[in-house]
Every structure is written in structure tokens, then in C-alpha cells.
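Trainee: need the 3D shape of this:
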Amino acid sequence: MGRATLPYMNCKTPTQTTPFNDTERVFAHADTCNMRGVIRVDTPKALWLASHGILGIIGIVVFPSWDAAAVFLVLTGLTVCAGHSVGMHRLLIHRSFETHRLIEYVLVWLGSLVGMAGPVGMIRTHDMRDWHQRQETCPDHPAHRAGWFRDAWWQLSCRYDLTHPPRFVPERRVAEDPVYIWMERTWILQNLPVALVLFAFGGWAWVLWGISLRIFVSLVGHWWIGHVAHRCGHQGWVIAGLPVQGFNVPGCGLVTCGENWHGNHHAFPYSARLGVEPGQTDPGFWLISVLAACRLAWDVKTPGAEPDRRGLTRVQNGACGTGARTGMVRPYDQHL
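Mentor: Presented below is the predicted three-dimensional model:
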């Protein structure tokens, strides 16, 4: 998936002894050092989260109602599943399937309603973390190596600025697309028309539950599953030689729309199917399967559609890295 380019050159304490592994959109240059950076408070990001958290609490306390709670559940499920998991993650970032351009726009727009970033911002955030995790060494911030509270603060209210970062080059089909350019510039405003519709039908209760509480819960939930899925859990596969591994978090398939199967995702990042083993619930893939059955999606990738990642190793009964490694090539065939 990645290709080696430039050696680790500009660190005071060089620990990277092999060349950097570039990814499809992130490229090291002569001064790049992935271990020299500063974690800084991102004030707009922190205020965005805090304001929606406060407004969400006001909605619960001042406007408790079953209809508002139903709006929260429906919109959260729609934006997280169809928008973030399917539109932003599996389609825009990994191109794990293809669909009509209009459907792609709708799915990605729903993803922008989650309140995390616009399309280019989401790709950048994902790819920079992925680039860090593919190197011989990885800083604590992109590795989710800190404890619960510190990592929550880092991920939800801060950013990690490298002194000499690699180049991020998004593909032209995204970077030069006028619709995506518009979404990127206005993503923070995209919830306003939804808020107006909610206010017209349900007043402030629907707005506070359907917009602010939804955004706060979605952002905190995204951090939580990312933290746990890089710390401990079930493993079906490992990527030998990397300091950061992905773990599956059983029991969270429905609420995360399949994003909890992160160990599988590390093994097969191109796959539209994240729950690749029996019993692994994956609502995001259910949606993609429905689209494919209606001939609205095609070229749906599953494990085996692309060459294995270098170092991909099967783990038998693995939990938190304790399983026995078999070293089997293409071991997933028996599960699909």
C-alpha cells in the first residue's frame, strides 16, 4: 500500500532507521521528521465541541421529550452510518466502492453534518494519522498512546503540528471538484439548513437534540472508538513490524456502524466490508450491499480484492496482541 522514499534525517534523536513509508496522499521530503512536533490547543475546535456539548445538555434538561430523542437517534444513525462511515470513510477516503456522483455527494454531505470536518479536512486528518501509524516509530498523539483523559483532550481539543511535516496531496477528483470545494469551505455551516427544518417542525427541542447533542455525541463517540481500537481488544490479524496495531471492539457493531472492527480495517484498509468474520455486525456494509443490489453501487471491494499489506499476519484467538501468529497468506478466504 505504501512505498519507501526518504530516510529519517532531521531528528535530534533519530530512531527511524528505515525509509519513510509514503501513502497514496502523504509524501515525506528531505526535512521530514515524524517525531518532532508540538501538541497545540486548537481553540476553534475546542470551542466547537464545548458549545455543542453545553447546548446539548440544555436540550436534555430544559426540553426533555421523546420526539426530540427520536430525532436525535434518527439523525445520528443517518449521519454516522450513511455519512461518516460509508460516505466519508469507505467511499471518499478509501474508494472501497463506486457509485453515481450525485449519490457520492449526498453521502459525503451527510458526513459533513457529523461536525468533524469537510471532505478534504477529513481526508487530511485520516491520512496523516495513517501515515504516522505506518512508520517504524509513531508519536503518542496519532498512536492514541496516552491515557483516557489526556487522549480525549488531545484528540478533541488539540492538534499535532510537526516541525517538518510531509506533503499532503489529495487527488484532483476531490481537490478540484467545485462541490467538494464548497463543502470544505462551508462545512461548519452545513447544519444550519437542517436546524431551520428542525425548528420549523419541533422548535428548540428538536434543534438542540438533533444538532448540538448529536454533534457532541458523535465527536466524543468517534474519539472513544478510535482510542479503544488502538489500545486493546480482539485481533484477527496484525501488521508485523509496526508500532501501532488495530483492534476489534466486540459488541459495538450497531452503535458504530461497523467502525469498531478496526483490527480488520488495519488488515484490509481498502475493503468496504469491515465486519469480515462471522458474527461481526457491520451496518455500513449492509447499506453498501443495498445500494449494490439496487445497482447504485459497484466495484465493491472485500478482502482479497487487492494485494495483502506487507507484514499481514493471521492471529489465532488474538486479544491485545497475545494470540499465536500463524503467518498464513490470504487467511481470510476461510471466513468469507
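
Trainee: who's in contact with the closest residue in space to Leu113 that isn't next to it in sequence?
Mentor: Leaving aside its chain neighbours, Leu113 sits nearest to Thr79 (4.7 Å; criterion: C-beta to C-beta, 6 or more residues apart in numbering). All C-beta atoms are positioned from the backbone trio N, CA, C, and that covers glycine. Contact analysis of Thr79 by C-beta atoms under 8 Å, 6 or more residues apart in numbering lists Leu110, Gly111, Leu113, Val114, Arg214, Ser218.

Trainee: could you check how far the third one is from Asn21?
Mentor: What it means is Leu113. Plainly put, Leu113 is 33 Å away from Asn21 if you go by C-beta to C-beta, to the nearest Å.

Trainee: the residue nearest to Leu113 in helix, strand or coil?
Mentor: On the three-state scheme (DSSP: H, G, I helix; E, B strand; the rest coil), Thr79 is labelled helix.

Trainee: one more: Ser212?
Mentor: Once three-state DSSP is applied, Ser212 turns out helix.

Trainee: could you count how many residues lie near it?
Mentor: Burial of Ser212 is recorded as 23 neighbouring residues (other C-beta atoms under 10 Å).

Trainee: next: the one 3 residues further on.
Mentor: Number of residues near Ile215 (other C-beta under 10 Å) recorded here: 25.

Trainee: confirm it sits in a helix?
Mentor: Yes. Applying three-state DSSP, one finds Ile215 inside a helix.

Trainee: tell me who's in contact with the nearest residue to it once chain neighbours are set aside.
Mentor: Among residues not flanking Ile215 along the chain, Gly115 sits closest, at 3.8 Å (C-beta to C-beta, 6+ apart). Counting by C-beta under 8 Å, 6+ apart, Gly115 touches Trp48, His52, Ile188, Asn191, Ile215, Ser218, Leu219.

Trainee: next one: Val71
Mentor: Contacts of Val71 (C-beta under 8 Å, 6+ apart): Leu198, Gly202, Trp206, Trp209, Gly210.

Trainee: these two touch, right, the first one and Trp206?
Mentor: Yes. With contacts defined as C-beta atoms under 8 Å, Leu198 counts as touching Trp206 at a distance of 4.0 Å.

Trainee: secondary structure class for Leu73?
Mentor: helix.

Trainee: roughly how far apart are it and Leu296?
Mentor: 25 Å.

Trainee: which stretches in this protein count as strands?
Mentor: With strands called from DSSP state E, the chain shows them at 3-4, 21-22, 26-27, 37-41, 98-99, 158-162, 167-168, 234-239, 297-298, 312-319, 324-325.

Trainee: buried deepest among these, which one?
Mentor: Comparing those by mean neighbour count (mean count of other C-beta atoms under 10 Å), strand 234-239 comes out on top with a mean of 23.

Trainee: so what does it touch, helix or strand wise?
Mentor: helix 262-267, strand 312-319 (3 or more C-beta pairs under 8 Å, 6 or more residues apart in numbering; DSSP states H and E).

Trainee: put together JSON lines for the ones you listed, with mean pLDDT on each row.
Mentor: Below are those laid out as JSON lines (pLDDT from 0 to 100):
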{"stretch": "helix 262-267", "mean pLDDT": "96"}
{"stretch": "strand 312-319", "mean pLDDT": "78"}
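
Trainee: any chance of these in a markdown table, plus distance to Ser96?
Mentor: Compiled in a markdown table, those are given as follows (distance: least, C-beta to C-beta, whole Å):
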| stretch | distance to Ser96 |
| --- | --- |
| helix 262-267 | 10 |
| strand 312-319 | 17 |
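
Trainee: His164: which of those is closest?
Mentor: helix 262-267 (26.5 Å; C-beta to C-beta).

Trainee: which outside residues touch the closest one?
Mentor: For helix 262-267, contacts defined as C-beta under 8 Å, 6+ apart pick out 225-226, 229-230, 233-237, 239, 245-249, 259, 271, 274-277, 280, 303, 309, 312, 332.

Trainee: quick one, which of those residues are buried?
Mentor: Buried positions within the contacts of helix 262-267, assessed by neighbour count (16 or more other C-beta atoms under 10 Å), are 225-226, 229-230, 233-237, 239, 245-249, 259, 271, 274-276, 280, 303, 309, 312, 332.

Trainee: related to what we said a few turns ago, and the contacts of Thr79, which two are furthest apart?
Mentor: Going by C-beta to C-beta, the pair spanning these furthest: Gly111 and Arg214, at 13.2 Å.

Trainee: now do the residue lying closest to Pro269 once chain neighbours are set aside against Met88, distance only.
Mentor: In this structure, Pro269 finds its nearest non-sequential neighbour in His94, 6.0 Å apart by C-beta to C-beta, 6+ apart. According to C-beta to C-beta, His94 and Met88 sit 10 Å apart.
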